[in-house]
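# Sharing a model prediction with you, sequence too.
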Amino acid sequence: MLWINRFGGMFLVGVLLLSPLSSAAARGESITVLTEHSPPGEYIDDQGRVTGPTAELVRELLQRVGHTGKISLLPWARGYMLARRGPDVALFETTRTELRENQFKWVGPIKRITGGLFVRTEDDVSLTSLEDARNLDAVCVYRGSSGGQALNAMGFTNLEEPTHSAQCLDMLMHGRVDAWMTSDIARVPLFAETPYSENEVRLAYATSTKYLYIALSLDVPDSTVALWQDTLDQMKLDGTLARYYRGTYPDDMIEALSQPGHPDLPWLD
């Protein structure tokens, strides 16, 4: 599966939390909640506060279940190691995969990222497979992206490779390319920098869909996981998730995530 990685941050921001509802609090210990620095979802503002729509969603989730906390910064490798080892660690936003399935307990999803080929909404472009894209006059991938590298490795000869992804959007809207390899999340901030609107571009073919979760260390009690999941589901139903995400993330992603429960994951069949 193809995936375009636009996030280069390799640090984690930790929130040290105390909860009367968790086994950690019962033992006088703390639950540590970690997040990668990954704008626009999570970043540190000028006052040193962790913010961003996903961070604020999780912060409200924690408040609703009775947690309060202090923010700390950790390197990515150490944060992931702590989440694997425990005790009482939660890490967001973590892609839920078959390989990771039994390494954590899961609460979510809190984000969905779809990568693929995007085209102008007005154009009559239909793609039923990635191979169909070979027949297009030109496909834009920004230079050095993993998606571009994958298409080059597959022998695509119709690629345009500018140095910035915003150039791909401009080339697409001016008809210089037929399709743009990106993700629904990666493309959204670019519209704020251009005169174009999100509804002028549509997904023609999806190459990957990933669901991101809060991953909890295996020692966290099932009752705590259930409490977090039930609370998150209620936040989806009462419009809290949509309130935080609207204006930053794609509308179709928000609509899909606003439904409680888990998506169909093939390895769980």
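Thanks, I have the structure now.
# next SSE after the helix or strand hosting residue 185?
Residue 185 is part of helix 184-191 when elements are defined by DSSP states H and E. In the C-terminal direction, the helix or strand that comes right after helix 184-191 (DSSP H and E) is strand 201-216.
# what's the single longest helix in the chain?
With secondary structure taken from DSSP state H, the chain has its longest helix at helix 222-237.
# and that one with strand 201-216, angle?
Regarding helix 222-237 and strand 201-216, their directions subtend 150 degrees when assessed with axes from the mean of the first three to the mean of the last three CA atoms, to 10 degrees.
# Distance from the chain centre to helix 222-237, please.
In terms of CA atoms, centre = their mean, to the nearest Å, the gap separating the centre of helix 222-237 from the centre of its chain is 19 Å.
# One more: stretch 34-49?
Remark: stretch 34-49 is offset 14 Å from the chain centroid, using CA atoms, centre = their mean.
# Which elements pack onto the longest helix of the chain?
With contacts defined as 3 or more CB pairs under 8 Å, 6 or more residues apart in numbering; DSSP states H and E, helix 222-237 has these neighbours: helix 53-64, strand 105-120, strand 201-216. (C-beta placed from N, C-alpha, C; glycine too.)
# Can I get the last one in CSV, CA atoms only?
This file holds the C-alpha atoms of strand 201-216, laid out as CSV (Å, rounded to 0.1, in the frame of the first residue of the first chain):
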residue,chain,number,x,y,z
VAL,A,201,-10.7,18.4,-5.5
ARG,A,202,-11.9,14.8,-5.0
LEU,A,203,-10.4,11.4,-4.3
ALA,A,204,-10.4,9.3,-7.5
TYR,A,205,-8.6,6.3,-6.2
ALA,A,206,-7.5,5.3,-2.6
THR,A,207,-4.2,3.6,-2.2
SER,A,208,-4.4,3.3,1.6
THR,A,209,-6.7,4.0,4.5
LYS,A,210,-5.3,4.1,8.0
TYR,A,211,-7.1,4.5,11.3
LEU,A,212,-5.3,6.2,14.2
TYR,A,213,-6.1,5.5,17.8
ILE,A,214,-5.0,6.1,21.4
ALA,A,215,-2.8,3.1,22.1
LEU,A,216,-2.7,2.0,25.8
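# average model confidence for that strand?
Per-residue pLDDT values across strand 201-216 average out to 93.
# Show me which residues of it are buried.
Taking 16 or more other CB atoms under 10 Å as the basis for neighbour counts, the residues of strand 201-216 that come out buried are 201, 203-207, 209-216.
# what angle separates it from helix 53-64?
Strand 201-216 and helix 53-64 meet at an angle of 40 degrees, taking the same axes, to 10 degrees as the criterion.
# Strand 201-216 to strand 105-120, inter-axis angle?
Relative orientation of strand 201-216 versus strand 105-120 (the same axes, to 10 degrees): 170 degrees.
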